[in-house]
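Student: Quick one: sequence plus predicted model below, questions after.
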Amino acid sequence: MQKLNKIIKDNEIKFIDFRFTDPRGKWQHLTYNAAAVDKDVLTNGVLFDGSSIAGWQEIHKSDMLLKPDVNSFTIDPFTPYPTLVVFCDIYNPDTLKGYALDPRHTAVLAEEYLRETKIGDTAYFGPELEYFIFDDVKFKNGNYQSFYAVDSNEHPDNSDKKEEEGNLGHRPKLKGGYFPVPPVDSGFDIREEISVTLSEVGLTPELHHHEVAPAQHEMGIKYDTLTQIADGVQKYKYVVHNVANAYGKTATFMPKPVYGDNGSGMHTHQSIWKNGKNIFAGNKYAGLSQEALYYIGGIIKHAKALNALTNASTNSYKRLVPGYEAPTILAYSERNRSAAIRIPCVKAANAKRVEVRFPDSTANPYLAFSAMLLAGLDGIKNKINPGDADERNLYDLSEAELKKKPQVARSLQVALEELDKDRKFLTKSGVFTDAQIDAFIELKMAEVIEVNNRPHPIEFENYYSV
């Protein structure tokens, strides 16, 4: 509290923005004049209408308590007046206990559960978020029409476009955007500004580069503990959206906004530590420990249920198809980016970790990271053998070979059905509740039904003249 008050005074803060995350993973906020925020507000929180947040309270039990985490805050780099962003947790006002449907509360419980198991005391997560930056986006869904259109000056289709000052012609080809220098990499300046701004909000950016698809980018940030890095993902997405907006462009973390090219994932590195030592380091395959292999076994066993939380949109499964560097096969291997779980080729014991490659950024980071940790812990506790590593190029497997390999869920509906059936690894610890999972499934099934019930333009092409 003392540190927070000093920040407010030293930076002449005018507004305090209380932020929390809804079940879908979207940041929500409530802004107070700084003069109206006293010790009582910071200690006891403020009431808000929980029934207005999708998937939460019913109208007759709408009051919820927004309680600031006085140790988690940052100054907003985009507001015209000095504004302090404070992360908040949601509490029940009658019991003053953490709200079971609050995603951030789930992450806190997951970390507490890890310590209770005595397997480890700290879980580190390092997500890699990919995204697209477009110059223009249009979409409409009505009773009599449905369309979308995205455009970027980097798109190869613009090679013949008439420009006022001439078409300069420097742009990557389809699937040709990995690592070119400017001017082909036209997003370099934006990424540098994103990197600097991420530092301003308390993250540690480590690298940035153009990704495989035209207009696709990635920024690497340093790993952190589970709840802290989930907070970091929220800050990361906020910064990317707003820096792009300041440049007159629009950024999206949709997994598959472009047909026929690579999609955007959120590859997630993870490890467990105990008493300052990485328990994933050992003398087994690729320098991993037996515990790390069991952790992988838990991820593979529960992968289809995990997909509902790590790939939480109907669009996610348009990325999870073979042929676009999307990891659909539930295998593990050192260095192998065609496997769903990659073991980075590192020598130092402290750097040993597993990289789960199927998640994407439509996931709620608090729920996704918590669920992966619980799946891995289930693997360790029950000694789930992941089988042998598969070092082949899994994209080249024949249809007969593919049928023998376990794969990720093929749609959000399938993933939600798997989550419904395979939920005990989430609930038996008390980290997730059945009510929370039921509410999440209901919320996401509404999205499935909305997509399933709408005619699609490709259906007109295929069936209109039958």
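Tutor: Arrived safely. As the structure is a computational prediction, the values presented were derived from the model and not from experiment.
Student: dump the residue contacts of N453.
Tutor: Residues near N453 by C-beta atoms under 8 Å, 6 or more residues apart in numbering: none. Using the backbone N, CA and C atoms, a C-beta is placed for each residue, glycine as well.
Student: how close does it sit to E200?
Tutor: 44 Å (C-beta to C-beta, to the nearest Å).
Student: Point out where the stretch 1-150 of the chain drops to low pLDDT.
Tutor: 59-60 (pLDDT under 70).
Student: Please enumerate the strands of it.
Tutor: Taking DSSP state E, counting those that start in this stretch to define them, one finds strands in the stretch 1-150 of the chain at 15-21, 27-33, 46-49, 63-75, 83-91, 122-134, 136-141, 146-151.
Student: ok, the nearest residue to S52 once chain neighbours are set aside - contacts?
Tutor: Distances taken as C-beta to C-beta, 6 or more residues apart in numbering place S62 nearest to S52, at 7.6 Å, with adjacent residues excluded. For S62, the contact set (C-beta under 8 Å, 6+ apart) comprises 49-52.
Student: Pull up the gap between S62 and Y295, please.
Tutor: 40 Å.
Student: And for M64?
Tutor: Distance, M64 to Y295, using C-beta to C-beta: 35 Å.
Student: Those two: who's more crowded?
Tutor: Between M64 and Y295, Y295 has the larger neighbour count (other C-beta atoms under 10 Å), namely 30 against 25.
Student: Find the nearest non-adjacent residue to that one, please.
Tutor: Counting by C-beta to C-beta, 6+ apart, the residue nearest Y295 is G376, at 3.7 Å.
Student: With F20 instead?
Tutor: Nearest residue to F20 in three dimensions, chain neighbours excluded: C88, at 4.6 Å (C-beta to C-beta, 6+ apart).
Student: The one you found bridge partners, please.
Tutor: Here C88 sits in beta bridges with P68, going by DSSP bridges.
Student: hang on, isn't it packed against I16?
Tutor: No. Using C-beta atoms under 8 Å, C88 is not in contact with I16; the gap is 10.7 Å.
Student: The residue most central in space within the chain sits in which helix or strand?
Tutor: The centroid of the chain falls nearest to S361 when counting by C-alpha atoms, centre = their mean (3.3 Å). Here S361 sits in a region with no helix or strand, counting by DSSP states H and E.
Student: what sits against it?
Tutor: By C-beta under 8 Å, 6+ apart, S361 lies in contact with 129-131, 233, 237, 253, 255, 264-266.
Student: among those, which are in helices?
Tutor: Among the contacts of S361, the members found in helices (DSSP state H) are 233, 237.
Student: how about the contacts of S361 in CSV, adding neighbour count and distance to A368?
Tutor: Below are these laid out as CSV (neighbours: other C-beta atoms under 10 Å; distance: C-beta to C-beta, whole Å):
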residue, neighbour count, distance to A368
L129, 24, 12
E130, 22, 15
Y131, 24, 17
V233, 26, 9
K237, 19, 13
F253, 22, 13
P255, 26, 13
S264, 25, 15
G265, 27, 12
M266, 24, 8
